[in-house]
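> the following comprises the amino acid sequence and a computationally predicted model.
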Amino acid sequence: MIALDAIEFLIVFAGHVGVWCILFSQIHATSLPRKLRKLVEKIVFAVMVIIPLLLALQFLGLYPEQAWMRPYRFFCLVVLMGLSLRWGFRKFTAQKPAGLREGEFQLVDLGDRIEEPKYIGFQAQVLKRFPGNQSLQLSIEKRDLVLEAWPVEMDGLVIAHLSDLHYTGKVTRQYFEKLCQECNACLPDFIFLTGDIIDNPDCLAWLPETLGKLECRHQKYFVLGNHDLRVRDEAKLVRAMEACGFQRALPSWQPIVFAGQTFYLAGDELPWFQGAENLPRPKTAPAILLTHTPDRIYRASELGVDLVLAGHCHGGQICLPLIGPIVAPSIYGVRFAGGTYQVGQTLLHVSRGISGDDPIRWNCPPELNVMRLRSPQSQM
Ligand SMILES: [Fe+2]
């Protein structure tokens, strides 16, 4: 009997964690002011800890049964069943996007190439000791994406896609310098950066020696992410990026000529900065949208965009064996936490990012995404 009760308690606890992870994801997906969001997060976290504590005490007979406990246990059970069914359905029905051709993946431990101290500050020093922390192990992922509308003349165009650098000062600048060297070695035609560049305004000074050294044959573009709000002066950050040779992708289609052909590029920074809410795809040429959050995907798909590049979710940062990521700051939870997805006719790639607010990654290394865009008419 006790064993059954213990199993029931564990099931309820798993459902409880599921409920609060969903809530946490939703809060992080909003454009709430940072102070208010942090306050809400603290309340959510406190409740997330207190409820199972009371349930555990009640289970042990040290706390009387309360009126809310029985319906809450039932609710957690229902949520866990729903989450399990959804997880199973996605796991077993997931299909590789038709346009994705996996290429070459290489794990490069940039931590081995930089000097001590690699991490700065007490929190980073604690996290670096977390067993299996991969926060400095860069995964260089080269893949081919076949876009239906991509003309054969532009076949083989190479994009280096970086996201979520998070210059916090907790990871040394050298890590980002090495990252840029690795990116340059991939010889990209274009570099696209999908937001969360600077968390700590003091790190603006890092830009010339890092992003300023990034090289490509054509042009470097960026959009801003929610953490870039921490610089407070948006114009200052944009000017600093422009000084590094980057152009901000605008919320309007900009024609870009490559190999005598044109494709269109735009940036959508909703819900934090400028948005491209109503931007139908140009009829004459393929279109690529840079956005920070993958939450923009369904709108982009409605508008007929061919390729969307995003970040923001960091792959979940901590991925459990079999289960995968638990939390991602998206209204869709972990659905688009990281990887390549097909939504209608639109291909979406969500980068796991380069770093994070907290330098901890488990089963989820940072990602440098190098894509070769292919035409369906090309000889593969
Ligand atoms: Fe981020």
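Nice, I can see it.
> what comes into contact with stretch 148-158?
Contact with stretch 148-158 is made by 99, 186-190, 258-261, 263, 285-286, 306, 345, 370-378, as judged by CB atoms under 8 Å, 6 or more residues apart in numbering. Every C-beta, even on glycine, is put in place using the N, C-alpha and C of the backbone.
> end to end, how far does that stretch reach?
One end of stretch 148-158 to the other measures 17 Å (CA to CA, to the nearest Å).
> give the buried residues for it.
The neighbour-count check on stretch 148-158 (16 or more other CB atoms under 10 Å) flags Ala149, Trp150, Pro151, Met154, Asp155, Leu157, Val158 as buried.
> got it, and stretch 128-141?
Of the residues in stretch 128-141, Lys128, Asn133, Gln134, Ser135, Leu136, Gln137, Leu138, Ser139, Ile140, Glu141 count as buried by neighbour count, 16+ other CB under 10 Å.
> which of the residues you listed scores worst on pLDDT?
Taken together, the buried residues of stretch 128-141 show their lowest pLDDT at Lys128, with 79.
> what residues does this protein put near the ion?
Asp164, Asp196 (CB under 5 Å from the ion).
> show me the chain divided up by domain.
2-93, 100-374 (automatic domain parsing).
> all the helices of the stretch 151-300 of the chain, residue numbers only.
For the stretch 151-300 of the chain, helices defined by DSSP state H, counting those that start in this stretch occupy the ranges 173-185, 234-243, 297-303.
> by contact count, what packs against the second one?
Under the contact definition 3 or more CB pairs under 8 Å, 6 or more residues apart in numbering; DSSP states H and E, helix 234-243 sits against strand 246-248.
> same question for the strand it packs on: list its buried residues.
For strand 246-248, a neighbour-count test (16+ other CB under 10 Å) marks Phe246, Arg248 as buried.
> sorry, back to before: ranking the domains of the chain by burial, who's on top?
domain 100-374 (a mean of 19; mean count of other CB atoms under 10 Å).
> that domain spans what distance, first to last residue?
10 Å.
> before we move on, the earlier item: to Arg37, which of the helices of the stretch 151-300 of the chain lies closest?
helix 234-243 (18.6 Å; CB to CB).
> can you give the distance from the closest one to the centre of its chain?
Remark: helix 234-243 is offset 22 Å from the chain centroid, using CA atoms, centre = their mean, to the nearest Å.
> residues in contact with it: which ones?
Taking CB under 8 Å, 6+ apart as the rule, helix 234-243 contacts 197-198, 204, 207-208, 211-212, 222, 224, 228, 231, 248, 273.
> any idea how far Pro251 lies from Pro208?
27 Å (CB to CB, to the nearest Å).
> no no, Ala94
42 Å.
> next one: Trp20
Distance of Trp20 to Pro208, computed by CB to CB: 42 Å.
> about what we covered before: reformat the buried residues of stretch 128-141 as a markdown table; add secondary structure.
A markdown table is the format used below for the buried residues of stretch 128-141 (DSSP: H, G, I helix; E, B strand; the rest coil):
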| residue | secondary structure |
| --- | --- |
| Lys128 | helix |
| Asn133 | coil |
| Gln134 | coil |
| Ser135 | coil |
| Leu136 | coil |
| Gln137 | strand |
| Leu138 | strand |
| Ser139 | strand |
| Ile140 | strand |
| Glu141 | strand |
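> show me the shaky parts of the protein.
1-2, 379-380 (pLDDT under 70).
> pull the residues that contact the helix or strand hosting Gln123.
Using DSSP states H and E, Gln123 maps to helix 122-128. The contact list for helix 122-128 (CB under 8 Å, 6+ apart) reads Lys118, Tyr119, Asn133, Ser135, Lys170, Val171, Asp358, Pro359, Ile360.
> wait, which of those residues is closest to the ion?
Asp358 (10.7 Å; CB to the ion).
> confirm that the closest one sits in a strand.
No. Counting by three-state DSSP, Asp358 is located in no strand; its state is coil.
> can you give me the distance of it to Cys319?
Using CB to CB, Asp358 is found at 15 Å from Cys319.
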